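J.: sequence and predicted structure below; questions after.
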Amino acid sequence: MARDQIDMTPLQSRDELVAWLEAGVKPKSEFRIGTEHEKTPFTLEGHNPVPYEGPRGIGALLEGMKLLLGWEPIMENGNIIGLHDVTGGGAISLEPGGQFELSGAPVETVHQTASELMAHLAQVREIATPLGIGFLGLGMTPSWSRAQIPTMPKGRYRIMTNYMPKVGQYGLDMMYRTCTVQTNLDFCSEADMVRKLRVSVALQPVATALFANSPFTEGKANGYLSFRSEIWRDTDNARAGMIPWAFEDGMGFERWVDYALDVPMYFVKRGDSYIDVAGSSFRKFFEGKNEKLAGERPTLSDWANHLSTIFPEVRLKRYLEMRGSDGVPWGQLPSLPAFWAGLLYDDDSMEAAWDIAKRWNAHERQALRDDVPKLGFKAKIGNRYLFEIAKECLLLAHAGLRRRGHIDHLGRDETHYLEPLDRIIEAGRTPAENMLTKFNGVWGGSVEPVYQEYAF
C-alpha cells in the first residue's frame, strides 16, 4: 500500500476531487511503468511467520535496509514501518502481516523494472539472510493459520482489522495472508484512461489465470488455483470488484469521483494518529457531517488516502493499477508489467484487446471473474475458454512490446520478459496447477518444499 499523502488544504468543491485525478494526465512521451510486489517473510529455521519486534524481526530488517540503502525511514509512533527513496521515488512498506512490499519507482521500460527488482532482492537478501529470514513468492501463505500471523504496528491496519469482519468473510485473510504483484500505468487523456480502464478490467481475469499461484491454505490444497483472487470476492464488495458502471456511457474522472465519494472510509489521519471513521462515506465527510470530525472538511491528503483504500480489480489514482494477480517467484515478476505495457501502451494492441472484450456484457464479465479463481484457463466467457483469450492477449502483448522497441544492452526488446508466460501457455497450465502436481507427487502431500522452491 502506498504511503499516506500529506496535503492539508481543505477541500471546497467536488471539482477539486476531479482535478486531483485529472492531474494524472501525461503526454505519451512521459508514460512510465511502476511495479509493486509483496513477498511473505518466513524464518529460514522452522518456516514460521516473522514478528515485528526483536533482533531478528521485521523492524530489524527495515533498520538494516535503511543503513544499506540510505533511504528515508517512514516512522509511526516511534516504529519504523517503511522506507522511501527520496531521489528515485521507490518505497518499501509493510502489509498487515509483515508482507514486505517494494513499490518500484516509475521507470520507462520493463528492462529498468527488472533491474530495479534484481537490485532490491539482492539488497533484501544481504540484510535478511543473517537475520535468518527468507521470502516466499506465492499469492497466499501456504501453511499458517490467521492466528499465527503477527500484526505490524500501523494504526490504519488496526482500524481495518476491526472493520473487515463486518463486511465480508475474507477481509482478514486478504490483509494478513495474501501477496500480489501490481503494475501501474499512465494515460494521456480522459478518453485514454477510460479505454485502458475498460480493457484492463475486462481482461483482468486473464492476468489472474496467468499468475494463479495460491492453491494452499494451512498446509492443504484449498480447491482453488488462485485463492487470493477468491478472497477478494468476499472481502468488502462496497470497495472491490469489476466496477460494471465503468462500461456505461458518461464514464470519466467525474464518474470515478462519484463512486469513491460513496465508498465507506476506514480512517482519517491527523498527525501521527488515525481516527477510526470506518463505515461512514467520504461524501458525508465532504459535507462536514462526519460524526467523529463534526464540521470538519476533508483535505486533499484525506482524499488521496481514501482513494488508496478502494480495491477494485483495476484502480484509478493518478495512474491505473492492475490488481488481479497473485504474487509469484522473482523470475515471473517482470512478466506482469511486460504483459500490461504490451497491451495498453501500444495503440494497435489496445485496439485489438478491446475487440476481444467489447461485446461482453457486465453479467458475462462478472461470471468470468467469479469462475477464474477455481477454474483458471478452463473458465469460459460466451463459448470461449479463457485459455484461448489468454493466448490471444499474449500475442498482442508481444506485438505491442516489439513495436515499443526498447532494446537492452544485449540487444533484446522487452518481449523476453513474457517468456515465463509463453511457457505457461505452451503447457496450458497455470502456475498453481504445476504446484499441485508436485504437491500430489514428489512433495508427498506436504507444502514444506515451497519454502525452498518458491523462495526468492
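T.: Structure's in. What do you need?
J.: need the nearest residue in space to G90, chain neighbours excluded.
T.: A105 (4.2 Å; CB to CB, 6 or more residues apart in numbering). All C-beta atoms are positioned from the backbone trio N, CA, C, and that covers glycine.
J.: ok, the one you found - contacts?
T.: Going by CB atoms under 8 Å, 6 or more residues apart in numbering, A105 touches G34, D85, G88, G89, G90, E116.
J.: switch the cut-off to 7 Å
T.: Going by CB atoms under 7 Å, 6 or more residues apart in numbering, A105 touches D85, G88, G89, G90, E116.
J.: of those - the most surrounded one?
T.: Greatest neighbour count in those, by other CB atoms under 10 Å, goes to G90: 23 neighbours.
J.: among the contacts of A105, name the ones in helices.
T.: The members of the contacts of A105 that map onto helices under DSSP state H are E116.
J.: so which of the contacts of A105 comes closest to K26?
T.: Among the contacts of A105, G89 lies closest to K26 (CB to CB), at 14.7 Å.
J.: now do the residue nearest to G90 against R32, distance only.
T.: 9 Å (CB to CB, to the nearest Å).
J.: repeat for L138
T.: As judged by CB to CB, L138 and R32 stand 28 Å apart.
J.: so between these two, which is more surrounded?
T.: A direct count of neighbours by other CB under 10 Å for L138 and R32 places L138 higher, at 27 against 19.
J.: list the contacts of the more buried one.
T.: T40, C179, N213, S214, G327, V450, Y454.
J.: could you dump the residues you listed to TSV with neighbour count?
T.: What follows is the contacts of L138, written out as TSV (neighbours: other CB atoms under 10 Å):
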residue	neighbour count
T40	29
C179	26
N213	27
S214	31
G327	28
V450	23
Y454	21
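J.: ok, which stretches of the stretch 101-250 of the chain are strands?
T.: Ranges of strands within the stretch 101-250 of the chain are 133-136, 181-185, 216-217, 220-221, 240-241, based on DSSP state E, counting those that start in this stretch.
J.: using PDB, write out every CA atom in the longest one.
T.: The C-alpha atoms that make up strand 181-185 are tabulated as PDB, following Å, rounded to 0.1, in the frame of the first residue of the first chain:
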ATOM      1  CA  VAL A 181       2.200  -8.100  -7.800                       C
ATOM      2  CA  GLN A 182       0.700  -5.000  -9.400                       C
ATOM      3  CA  THR A 183       1.600  -2.800 -12.400                       C
ATOM      4  CA  ASN A 184       0.800   0.900 -12.600                       C
ATOM      5  CA  LEU A 185       0.400   2.600 -16.000                       C
END
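J.: OK, contacts around V124?
T.: By CB under 7 Å, 6+ apart, the residues touching V124 are F135.
J.: quick one: pLDDT of the closest residue to L17 other than its chain neighbours?
T.: Once flanking residues are discounted, L17 sits nearest to V257: 4.7 Å by CB to CB, 6+ apart. pLDDT, V257: 98.
J.: okay, and the beta partners of the spatially most central residue of the chain?
T.: In the chain, the C-alpha closest to the average C-alpha coordinate belongs to Q182, at a distance of 3.9 Å (CA atoms, centre = their mean). Note on Q182: beta-bridge partners by DSSP bridges are E36.
J.: give the contact list for it.
T.: Residues counted as contacts of Q182 (CB under 7 Å, 6+ apart) are E36, E321, M322, R323.
J.: and which of those residues is nearest to A397?
T.: Using CB to CB, M322 comes nearest to A397 of the contacts of Q182, at 12.5 Å.
J.: can you report how many residues neighbour the residue nearest to the closest one when sequence neighbours are not counted?
T.: Among residues not flanking M322 along the chain, T183 sits closest, at 4.7 Å (CB to CB, 6+ apart). Neighbourhood size, T183 [other CB under 10 Å]: 29.
J.: tell me how far T183 lies from G57.
T.: Distance of T183 to G57, computed by CB to CB: 30 Å.
J.: kindly report the same for T129.
T.: For T129, the distance to G57 - CB to CB - is 15 Å.
J.: who's more crowded, these two?
T.: Taking other CB under 10 Å, T129 and G57 do not tie; G57 has more neighbours (18 against 11).
J.: need the contact list for that one.
T.: Neighbour list for G57: V50, P51 [criterion: CB under 7 Å, 6+ apart].
J.: could you give the average pLDDT over the helix ranked longest in the chain?
T.: Determined from DSSP H, the single longest helix within the chain is helix 190-210. Helix 190-210 carries an average pLDDT of 98.
J.: elements contacting that helix?
T.: Packing contacts for helix 190-210, counted by 3 or more CB pairs under 7 Å, 6 or more residues apart in numbering; DSSP states H and E, involve strand 314-316, strand 320-322, helix 335-344, helix 347-357, helix 362-375, helix 386-404.
J.: what's near enough to touch the residue located most distally from the centre of the chain?
T.: Computed with CA atoms, centre = their mean, the maximum C-alpha offset from the centroid of the chain is found at G295, amounting to 34.9 Å. The neighbourhood of G295, defined by CB under 7 Å, 6+ apart, consists of G288.
J.: switch to numbering from 41
T.: In the new count, where the first residue is 41, that last one comes out as G335.
J.: from V164, how far off is it?
T.: 46 Å.
J.: over to K431?
T.: Separation of K431 from V164 (CB to CB): 35 Å.
J.: now the helices for the stretch 191-340 of the chain?
T.: 195-203, 211-217, 230-250, 267-272, 293-302, 322-326, 340-347 (DSSP state H, counting those that start in this stretch).
J.: helix/strand/coil for G74?
T.: For G74, the assignment made with DSSP: H, G, I helix; E, B strand; the rest coil gives strand.
J.: give me the beta-bridge partners of T83?
T.: Bridge pairing for T83 - DSSP bridges - gives I173.
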